[in-house]
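Student: what follows is a protein structure lacking sequence information:
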């Protein structure tokens, strides 16, 4: 099959700043717009329109190079000469760059976004910070020995020393004469034969589980994921179709550990049925609180909060405020993206209420899994950050039962 | 007849009585004569059937045996003769006992010299040495029991279906309420008012699978084989995926007494998939996966690649099948995406937004390629006839063109299998025909204007490489490159395209930006369709 190849181009500073240019190229206004759009996309504002605009602007940035002369450099020491000849120094890299981007995105979407991994332009002033983080990610993701990734890193170093920014052009239809002409065969065996064989073997272990206990099912899945995470992988759990009360109560069991000390968290991947992924959830990290600490909140001031506004209007009379706005959460995006949003927003809000001493939050759940998971993840991270032995905030989940009012869950503190 | 119980025999008798159908029980001497004529030792259960009924011919069930006349079906002797006349070399130990769908028979298979031989599925259109010999039942008595239970299910299922429909109308439709997945929901499948299937399903929160309370199927002879079962099963698998469960399908005791319906069991056998939990009334996750792939009827190389990606946990095969069954991507578009792309999983997952530009651009490019390829397929396959002054395209009137995809060049190949030439569309400045027996290769390059400016030279070079590999003659084995309409603007302003290489260019009538909207809409649908 065809593959993606990239031309990494170094563009001198004069092309990035207003009122100057390099061989007639000036992209300052486009870059300014594009960066502003990135900020708005990160906030989740008017996503569809902003993404369309972003695509157009990036296309314009890349299109500005179409009339330029490129000079492929082998030795990065040639960069100055090429620029002096009014050409654009270029490095070509292959498929492993997109593999890197994809691995990064899957492993930690939030970090990938904040690093602007996958963007096609890097202004000169952003490049140094980008390089440091990029270099670390190369190691983290296991691309240390990859030629193309290392060449790109070297090229960026040279670009920085020549006060250049980077623009990257992708060709998704690069022809590979060595391409596997029989993608459905490996070692002479057809894929379907292997899948059938796998099914035949698993039929022996597969047995019909007539298990009504949803808590037990989720506990089993989380245990499996933890086991995998402890042995070097990252186990995943699909939280879609799990009732929110089951999620909250079972996660509570796994977040808290015996003893007095905070532990390094074991992380599991959070995935949803639409194929998307939220940030990893930290487990087995918070020391289980003594009863006396729990009891100390009995007379604490209470704040009655519904997790999301506009979801259950009959809950209105029972709450003081909504934690998340329905219109911000319920945009047309993947469940993983929604989880990210709820997690980030909750994190900011926990930081804001940090000054309170002894606050009891009664959290009235509204049932939407990404919001629930985003909230409690943020709470756990806020505890991990502070690592206090006497917490100042307790969150008591309240689950809505249609005919029986609200049932409390286990307190989080 | 060990498997069939007294209730089921009573049911059979009641149907025969209702239809005024007479059966003639046969004597041991008649049965012995049949054995001699057929030169085989019949199993005891089949002999018992002959003693009791002789043969059976009622609505929905025809079992060959000793009928009223030897020269008319349901005479098993005549059925065997038809087999012998059509195919020389059919093993003497294959005895057809029922026609399941035009060209497909249930046959007793005496090959292993078994006293109680199994029933296998026989494809009448294929020669004896090409048969898969998929087992439908381990014995005649089991087969007959399943067939009778299937009939009972068809009878008893209708009143239950009506109950569900009535309840659903009262609780949801009249109140204009939407039912959640875990509510029993009735569905009906028909083609031009020919009923092919009725089901009632819900997602089970407890077991995270799809439960089925009614499952009735009926094959219509006008359409492809097992059409009713195919349509119904395709829906069940789609729904199992859409509801976000583990793909397992569980039939309640209201469906064929808690078994997997026999029509679905037969269909699975047709696809070479052995269902191991028929009596538990469930199709397991693994079986559902294999069935979904089989039902999608992708070309072999596509199936094999999807299978490998599934095994490597990079792509769930059911997500691809769901994309097809829900009309997100057409079959040929999926073929392009799967075979032309190192990582088709990313496109089907469509997790990236435009801000992760490189990843998004790659998904967009392959989406564009798939759609352009689809347009070209349609254009070449659709036959237009001049009737008077009008040019009309009639339904199902297609050019006989074989379409395939070569992932290594990201190219479509079209071979004209008919005796008529076909206009090659989208050419600029010249007109050519695809001659009978000829193959054209079309490199699909879904590039916008900027990208065309950047990569046109490379594309022309690749086209030359492909042409060389095919013998070098643009007359005999022509090679083309198909672009979106942005290419018109490029040609207008550039001198790169000469008269020579212009003859290789095809221009799709849509601009890249319009195609992008289509791609984005499909990516968006993939993201939110599964619940």
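Tutor: Done, it's in. Just so you know, these numbers come straight off a predicted model, no measurement behind them. Residues are numbered from 1 along each chain as shown, chains lettered A, B, ... in the order given.
Student: contacts, neighbours, all on C-alpha from now
Tutor: Fine.
Student: residues in contact with residue B:292?
Tutor: B:234, B:237, B:318, B:321 (CA atoms under 8 Å, 6 or more residues apart in numbering or on different chains).
Student: pretty sure the first one is touching residue B:295, no?
Tutor: In this case it means residue B:234. Yes - at 6.8 Å, residue B:234 counts as touching residue B:295 under the criterion of CA atoms under 8 Å.
Student: is residue 111 within a helix or a strand, and which one?
Tutor: All of this is about chain A. Element membership for residue A:111 (DSSP states H and E) is helix A:109-114.
Student: the intended chain is chain B.
Tutor: If you go by DSSP H and E, residue B:111 is not part of any helix or strand.
Student: now the residue in the stretch 351-500 of chain B that chain A sits nearest to: closest residue in space that isn't a chain neighbour?
Tutor: Nearest residue of the stretch 351-500 of chain B to chain A (CA to the nearest CA) works out as residue B:408 at 3.9 Å. Leaving aside its sequence neighbours, residue B:408 sits nearest to residue A:1 (CA to CA, 6 or more residues apart in numbering or on different chains; 3.9 Å).
Student: same check on residue A:325?
Tutor: In space, and not counting its chain neighbours, residue A:325 is closest to residue A:309: 5.2 Å by CA to CA, 6+ apart.
Student: residue B:482 against residue B:448, yeah?
Tutor: No - look at residue B:482 against residue B:448 with CA under 8 Å: they stay out of range, at 12.0 Å.
Student: still on that earlier bit, which of the contacts of residue B:292 lies closest to chain A?
Tutor: Within the contacts of residue B:292, the smallest distance to chain A is 11.9 Å, found for residue B:318 (CA to the nearest CA).
Student: which elements pack onto the helix or strand where that closest one lies?
Tutor: In this assignment (DSSP H and E), residue B:318 forms part of helix B:317-325. Helices and strands touching helix B:317-325, by 3 or more CA pairs under 8 Å, 6 or more residues apart in numbering or on different chains; DSSP states H and E, are helix B:227-242, helix B:285-296, helix B:300-311, helix B:331-340.
Student: what packs against the longest one?
Tutor: Looking back up the chat, that one is helix B:227-242. Looks like helix B:227-242 contacts strand B:194-204, strand B:209-217, strand B:249-251, helix B:262-270, helix B:285-296, helix B:317-325 (3+ CA pairs under 8 Å, 6+ apart).
Student: make CSV out of the ones you listed and add distance to residue B:172 and mean pLDDT.
Tutor: Compiled in CSV, the helices and strands packed on helix B:227-242 are given as follows (distance: least, CA to CA, whole Å; pLDDT from 0 to 100):
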stretch, distance to residue B:172, mean pLDDT
strand B:194-204, 15, 92
strand B:209-217, 18, 94
strand B:249-251, 24, 94
helix B:262-270, 30, 92
helix B:285-296, 30, 93
helix B:317-325, 26, 91
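Student: so which bits of the stretch 201-350 of chain B are right by chain A?
Tutor: Residues of the stretch 201-350 of chain B found near chain A (CA under 8 Å from any CA of the partner chain) are B:205-208, B:244-245, B:286-287, B:290, B:301-308, B:311, B:339-342, B:349.
Student: pull out the buried members of the residues you listed.
Tutor: The neighbour count (16 or more other CA atoms under 10 Å in any protein chain shown) marks B:205, B:207-208, B:244-245, B:286-287, B:290, B:301-308, B:311, B:339-342, B:349 as buried among these.
Student: least trustworthy helix or strand in chain B by mean pLDDT?
Tutor: Every helix and strand of chain B was ranked by mean pLDDT, DSSP states H and E. The lowest is strand B:390-398, at a mean of 70.
Student: where do the helices sit along the stretch 51-200 of chain B?
Tutor: Assigned helices in the stretch 51-200 of chain B, in chain order: B:76-86, B:140-168 (criterion: DSSP state H, counting those that start in this stretch).
Student: the last one - contacts with which helices or strands?
Tutor: When contacts are defined as 3+ CA pairs under 8 Å, 6+ apart, helix B:140-168 sits against helix B:6-18, helix B:44-52, strand B:185-191, strand B:194-204, strand B:209-217, helix B:262-270.
Student: look at residue A:170 and report its pLDDT.
Tutor: Per-residue confidence at residue A:170 stands at 95 (pLDDT).
Student: please name the residues that touch it.
Tutor: Residue A:170 neighbours (CA under 8 Å, 6+ apart): A:4-7, B:358.
Student: how about the secondary structure of it?
Tutor: Classification of residue A:170 using DSSP: H, G, I helix; E, B strand; the rest coil returns strand.
Student: try residue B:365
Tutor: Residue B:365 - assigned by three-state DSSP - is helix.
Student: what sits against it?
Tutor: Residue B:365 makes contact with A:172, B:446-447 under the criterion CA under 8 Å, 6+ apart.
Student: the residue nearest to residue B:119 when sequence neighbours are not counted and residue B:268: what is the separation?
Tutor: Leaving out its chain neighbours, the residue that sits closest to residue B:119 by CA to CA, 6+ apart is residue B:108, at 4.6 Å. Distance, residue B:108 to residue B:268, using CA to CA, to the nearest Å: 18 Å.
Student: between the two, who's got more neighbours?
Tutor: Neighbours per residue, other CA atoms under 10 Å in any protein chain shown: of residue B:108 and residue B:268, the larger number sits with residue B:108, 28 against 24.
Student: surely the more buried one meets residue B:120?
Tutor: Yes - Residue B:108 is within contact range of residue B:120, at 6.4 Å (criterion: CA under 8 Å).
Student: and for residue B:51, the neighbour number?
Tutor: Counted with other CA under 10 Å, the neighbours of residue B:51 add up to 19.
Student: measure residue B:449 to residue A:57 for me?
Tutor: Distance, residue B:449 to residue A:57, using CA to CA: 14 Å.
Student: correction: the previous question concerned residue A:249.
Tutor: 46 Å.
Student: next one: residue B:54
Tutor: Separation of residue B:54 from residue A:57 (CA to CA) stands at 79 Å.
Student: what does residue A:372 give?
Tutor: Using CA to CA, residue A:372 is found at 36 Å from residue A:57.
Student: what segments of chain A are helices?
Tutor: For chain A, the helices defined by DSSP state H cover A:28-43, A:47-63, A:79-84, A:95-107, A:109-114, A:124-140, A:147-161, A:191-205, A:214-230, A:244-255, A:291-295, A:326-329, A:335-352, A:369-386.
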